[in-house]
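> The following block contains a protein sequence and its predicted model.
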Amino acid sequence: LEESRQRLTKLVSKLKDMRSRDQELNYQLQQNIEKLNQEIEERIKAEEAREEAMQDLENEVFQRERTQLELAERTALLRSFIDASPDLIYYRNADGVFSGCNRAMEELTGKKEHQLVGLSPWDVYSKEIAEHIVDTDQKVFADNQAITYEQWLEYPDGRKHYFELRKVPFYSKDGRHLGLVGFGRDITERKRHEESLEKASRDKTTFISTISHELRTPLTILSGELAALREGIRPLSIQHIESLWQEINRLSRLVDDLHLLSQADAGSLSYDWQVLDVSEGLEHILFKVDLEFAKKNIEIVFHNTSALILADAQRLHQLWLNLAQNTLRYTDSGGTLQIDIEQDEQSVTVIWQDSAPSVPDADLQRLTERLFRVDSSRHRQTGGSGLGLSIVKAIADAHHAQLIASHSDLGGLCWRIIFPKKP
C-alpha cells in the first residue's frame with residue numbers, strides 16, 4: 001500500500017506538473033491565437049487597403065488615359081483647324097529657325113513640315129524676301145512686341161502673292177523667350193482691287209481732262225472762226241465753211257464714240273446676230289477706204305479667204321473701219337496694209353498688219369485703253385479721238401473674240417482678231 005501510495009503521489013505530482021504545463025501551453029496557445037487573429041485582422045485590413053489603393057490607382061490611370069485621349073483629340077482637332085486654314089501659320093524659335101508650320105506654309109515654301117524644321121528664312125526664301133523677313137523677326141525680338149506688315153511672297157512655281165503678315169513673340173511659363181508665331185493672310189485680290197481703284201481714279205481724272213481738252217479745242221476753233229465771220233474779219237467763203245464743217249464733224253465723231261462706249265459699258269448695245277462671211281465685210285471696207293489709202297500711197301494687200309462666223313454686220317463694219325482709220329492715220333506714206341484670214345475647226349483669225357512706224361513693247365497692251373496715245377501730240381495732226389481702238393476692243397469682246405496686239409513683220413502693228421467659228 002505504501003508503495004502504491006508513493007506511486008500515486010508521484011503520479012499526482014506528475015499530473016500536477018502536466019496540468020501546470022498544459023495550463024502554460026494553453027496560455028501560450030491563447031496568446032498565439034490572439035496574435036494570429038490580430039495578424040489576420042491586420043492582413044485583412046492591409047488587403048482592403050491594397051485593394052482600395054489599386055482601385056484608386058486604376059481610377060487614376062483611367063483618368064489619365066481619358067485626359068490623354070481628350071488631349072490627343074483636341075490636339076488633332078486644333079491641328080486640323082490649323083492645317084485647314086488658308087492663312088499661313090508658322091513658328092520660329094529664338095534662333096530664328098522654323099519649329100513648325102501648317103499646310104498653307106508648306107504650299108508656300110514647297111517643303112513639308114519635317115523638311116522645314118531647322119531651316120532659317122535664308123534657306124527657304126530668295127535673298128530679297130529673306131532680308132525683309134529676318135529684319136522684321138529681329139524687330140519683334142528686339143522690341144518684344146507684335147508687328148503687322150505687308151509683303152510679296154513667291155510660291156515655288158513662280159506665282160507671287162501679296163500677304164498681310166503678323167508676327168507675335170511667345171514665352172514659356174517662367175517668362176523665358178521661346179521665339180515667335182507668324183500669321184499670313186493672302187490679300188492679293190484686295191491689293192489688286194485697291195490698285196485697280198487707284199488706276200480707275202487716275203484714268204477717270206485723265207479721261208475727264210482729255211475729253212474736256214478734246215471738246216474745248218474744236219469749240220475754241222468754231223468760236224474763233226464764227227466770231228471772225230460775224231465781225232467781218234474774215235469773209236464768208238467755201239473754204240471757211242469747210243473748216244467749220246470739219247470741226248463740227250470732229251465733235252460729232254467724238255460724241256458718237258463716247259456714246260457707243262457708254263452703251264458698251266452698260267451692256268445696252270444691240271446686236272443683230274447672223275452668219276456672215278468675214279471676207280465680204282473686209283472687201284466692203286477696203287473698197288470704201290481705197291481712195292484715202294491711195295492718196296497716202298499705202299498699198300493694200302488682202303489675201304481673201306471665205307470664212308463664216310456669227311456676228312453683227314453693222315458692228316463688225318465699225319470694227320474694220322476703225323482699224324482701217326487707225327492704219328491710215330499712223331502708217332507712213334508709201335507703206336503697206338496686209339490682211340490675211342486663217343481658220344481651223346474652232347476659230348477664224350483675221351491678221352491685220354501694217355508697216356512702220358510701230359510702238360514700244362510696253363505700250364502694246366495699252367493701245368485699247370481709252371484716250372491712250374503712244375505720242376499724245378500726234379492726234380492733233382491726225383484728228384483721232386483716241387477712242388477708236390477702245391471701240392474695236394468693245395465690239396470684239398461682244399463677239400467673244402480675242403484681240404491681240406503685237407509687232408508686225410512689216411515694221412508696224414499687227415492685230416490678231418480671233419473669232420469663234422460658226423457653230
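Thanks, I have the structure now.
> all helices of the stretch 301-423 of the chain, in order?
313-330, 378-382, 388-398 (DSSP state H, counting those that start in this stretch).
> can you redo these as a markdown table with mean pLDDT and distance to Val301?
The C-beta positions use only the backbone N, C-alpha and C, and glycine is treated the same way. Output for the helices of the stretch 301-423 of the chain, formatted as a markdown table (pLDDT from 0 to 100; distance: least, C-beta to C-beta, whole Å):
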| stretch | mean pLDDT | distance to Val301 |
| --- | --- | --- |
| helix 313-330 | 89 | 12 |
| helix 378-382 | 42 | 23 |
| helix 388-398 | 86 | 21 |
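> And the helices in the protein?
2-84, 103-109, 113-116, 121-124, 127-143, 188-230, 238-266, 278-295, 313-330, 378-382, 388-398 (DSSP state H).
> Looking at these, which is nearest to Asp340?
Counting by C-beta to C-beta, Asp340 lies closest to helix 278-295 out of the helices of the chain; the figure is 10.4 Å.
> rewinding a little: who wins for proximity to Trp352 among the helices of the stretch 301-423 of the chain?
Nearest to Trp352, of all the helices of the stretch 301-423 of the chain, is helix 313-330, at 5.6 Å by C-beta to C-beta.
> Reformat the helices of the chain as a markdown table; add mean neighbour count and distance to Asp272.
Conversion of the helices of the chain to a markdown table gives the following (neighbours: other C-beta atoms under 10 Å; distance: least, C-beta to C-beta, whole Å):
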| stretch | mean neighbour count | distance to Asp272 |
| --- | --- | --- |
| helix 2-84 | 10 | 52 |
| helix 103-109 | 19 | 50 |
| helix 113-116 | 14 | 61 |
| helix 121-124 | 16 | 59 |
| helix 127-143 | 14 | 54 |
| helix 188-230 | 13 | 30 |
| helix 238-266 | 14 | 15 |
| helix 278-295 | 15 | 14 |
| helix 313-330 | 20 | 7 |
| helix 378-382 | 12 | 32 |
| helix 388-398 | 21 | 12 |
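> Which of the ones you listed sits closest to Arg370?
Minimum separation from Arg370 across the helices of the chain (C-beta to C-beta) falls at helix 388-398, 4.6 Å.
> re earlier: ranking the helices of the chain by mean pLDDT, which is last?
Sorting the helices of the chain by mean pLDDT places helix 378-382 lowest, at a mean of 42.
> mind checking how far the longest strand that the chain contains is from the chain centre?
Looking across the chain with DSSP state E, the single longest strand is strand 160-171. Offset of strand 160-171 from its chain centre (C-alpha atoms, centre = their mean, to the nearest Å): 17 Å.
> hang on, isn't His240 packed against Leu222?
No. Assessed by C-beta atoms under 8 Å, His240 is found out of contact with Leu222, at 11.2 Å.
> measure Gly175 to Pro169 for me?
Distance of Gly175 to Pro169, computed by C-beta to C-beta, to the nearest Å: 11 Å.
> shared neighbours, those two?
Overlap of the contact sets of Gly175 and Pro169 (by C-beta atoms under 8 Å, 6 or more residues apart in numbering) is empty.
> the more surrounded of the two?
Neighbours per residue, other C-beta atoms under 10 Å: of Gly175 and Pro169, the larger number sits with Pro169, 17 against 6.
> What confidence value was assigned to the more buried one?
On pLDDT, Pro169 comes in at 91.
> hey, what's it bridged with?
Judged by DSSP bridges, the bridge partners of Pro169 are Leu180.
> got a list of what Leu178 touches?
Going by C-beta under 8 Å, 6+ apart, Leu178 touches 93-94, 170-172.
> So which of those is the closest to Glu51?
When the contacts of Leu178 are compared against Glu51 (criterion: C-beta to C-beta), the nearest one is Ser172, at 41.8 Å.
> mind checking how far the closest one is from Phe183?
Distance from Ser172 to Phe183, counting by C-beta to C-beta: 21 Å.
> Looking at these two, which has the bigger crowd around it?
Phe183 (18 against 8).
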